[in-house]
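**Student:** what would the 3D arrangement of this be:
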Amino acid sequence: MSAKPIVRMAEIEIDPAQLEAYRALLSEEIEAAVALEDGVLSLSAVAIKDSPHKIRILEVYADREAYEAHLLTPHFLKYKNGTAGMVTSLTLVDVEPIAMAAKA
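**Tutor:** The predicted structure follows:
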């Protein structure tokens, strides 16, 4: 039996005064994770229209081991430590995929 992918939705609110710096750190982290980690299948970040400080990230990992390994990487730790004072709210929601597709 193949390992079950881990799919999460991160619901994040950012201090609006620090939004630009947050977005730069987030973009850097996502690019590194997708490029360097085989177990990170996709990371997609969006902002709520008319509420740009409300960020949503759809995270897809190959399995639980890939997710746990991601949390220990230098690029994730740089992001986590660098944004600690910017994040005013963080909720991680485990979600069940219904249909997911992407072009290569």
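**Student:** partners of the lengthiest strand in the chain in the sheet?
**Tutor:** Ranked by number of residues, the top strand in the chain under DSSP state E is strand 51-61. Within its sheet, strand 51-61 is paired with strand 6-14 (antiparallel), strand 40-48 (antiparallel), according to DSSP bridges.
**Student:** can you list the residues that contact the last one?
**Tutor:** Applying Cβ atoms under 8 Å, 6 or more residues apart in numbering, the external contacts of strand 40-48 come out as 5, 26-27, 30, 33-34, 53-62, 66, 70, 102. Just so you know, the C-beta spots here come from the backbone N, C-alpha and C atoms, and that holds for glycine as well.
**Student:** got the angle for the longest helix seen in the chain vs strand 6-14?
**Tutor:** In the chain, assigned by DSSP state H, the helix with the most residues is helix 19-36. Per axes from the mean of the first three to the mean of the last three Cα atoms, to 10 degrees, the angle that helix 19-36 makes with strand 6-14 is 160 degrees.
**Student:** give the buried residues for helix 19-36.
**Tutor:** Neighbour-count burial for helix 19-36, with 16 or more other Cβ atoms under 10 Å as criterion, is recorded at Tyr22, Arg23, Leu25, Leu26, Glu29, Ile30, Ala32, Ala33.
**Student:** please apply the same query to stretch 5-21.
**Tutor:** Buried residues in stretch 5-21, counted by 16+ other Cβ under 10 Å: Pro5, Ile6, Val7, Ile12, Glu13, Ile14, Gln18.
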